[in-house]
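K.L.:
Predicted coordinates and the sequence they were generated for:
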Amino acid sequence: MKLDVIKLDGKKAGSVELDEALFGLEPRADILHRVVRWQRNNAQAGTHKVKTRSETSYSTKKIYRQKGTGGARHGDRNAPIFRKGGIYKGPTPRSHGHDLTKKFRKLGLKHALSAKAKAGELVVIEDAASEGKTAALAKQVKDLGWKRALVIDGAEVNENFARAAKNIDGLDILPTMGANVYDILKRDTLVLTKAGVEALEARLK
């Protein structure tokens, strides 16, 4: 699979051969869905908490006598049926994360890359280099027509480019090891540097 390589100023810089095993798969929504769910569940804080009847601050004094009232028998106001009483079997802090095999996670990343390639939302640039000026990079991004883009570079991200991209809304940059299914699918355009392509191919083989 051949794709044109461009520079940040929009000029052509040759072409690159993309591995069909990474960029030529038929995207499967079920695989992408499982990997995204795994990512989002692992990111969830799980700090939700309610008070049980042993933690609410009412008195533990018996509210009325045991017999003779014609009503139900109660000990104190902390019972779950009373307003402001304890909550029965409510949420407690826990991890929402679950396991997903490395093989499946790798497969999900391949399908995410293939989905972008099939949709025509994949761009390959020569390199992600900049003088560190936000205004100059913002103009280049606007001229290229990138609205919400994710740039994936090689093993290291260019420091000046990262600094310039920091204040541009809708532009994010990650090193190859940070590439993940959720961030790729969330953006309208996936931008890979030539170094990023090589590093992804090495990582996913």
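P.N.:
Arrived safely.
K.L.:
Would you confirm that residue 112 contacts residue 185?
P.N.:
Yes. With contact defined as C-beta atoms under 8 Å, residue 112 reaches residue 185; the gap is 5.8 Å. The way it works is simple: take the backbone N, C-alpha and C, and place the C-beta from them, glycine included.
K.L.:
Common neighbours of these two, please.
P.N.:
Jointly contacting residue 112 and residue 185 under the rule C-beta atoms under 8 Å, 6 or more residues apart in numbering are residue 32.
K.L.:
quick one, which of those two is more surrounded?
P.N.:
Taking neighbours as other C-beta atoms under 10 Å, residue 112 and residue 185 compare with residue 112 leading, 25 against 18.
K.L.:
Give me the distance between that one and residue 51.
P.N.:
42 Å (C-beta to C-beta, to the nearest Å).
K.L.:
for residue 186, same thing?
P.N.:
Distance, residue 186 to residue 51, using C-beta to C-beta: 36 Å.
K.L.:
One more: residue 85?
P.N.:
9 Å.
K.L.:
Repeat that for residue 139.
P.N.:
Note on residue 139: its distance to residue 51, by C-beta to C-beta, is 55 Å.
K.L.:
likewise residue 100?
P.N.:
Per C-beta to C-beta, residue 100 is found 34 Å from residue 51.
K.L.:
How many residues are close by the nearest residue to residue 167 once chain neighbours are set aside?
P.N.:
Using C-beta to C-beta, 6 or more residues apart in numbering and skipping residues adjacent in sequence, the residue nearest residue 167 is residue 134, 5.0 Å away. Using other C-beta under 10 Å, residue 134 is surrounded by 15 other residues.
K.L.:
Also residue 28?
P.N.:
Counted by other C-beta under 10 Å, the residues lying close to residue 28 total 14.
K.L.:
Can you tell me the closest non-neighbouring residue to it?
P.N.:
Spatially, and ignoring its direct neighbours in sequence, residue 28 is nearest to residue 111 (5.8 Å; C-beta to C-beta, 6+ apart).
K.L.:
Quick one, grab the pLDDT at the residue located most distally from the centre of the chain.
P.N.:
Ranking residues of the chain by C-alpha distance from their mean position (C-alpha atoms, centre = their mean) puts residue 68 at the top, at 60.7 Å. According to the predicted model, the pLDDT of residue 68 comes to 94.
K.L.:
same check, this time on residue 18
P.N.:
As predicted, residue 18 sits at a pLDDT of 93.
K.L.:
which residues sit in contact with it?
P.N.:
By C-beta under 8 Å, 6+ apart, the contact list for residue 18 reads 1-3, 24, 117, 124, 197.
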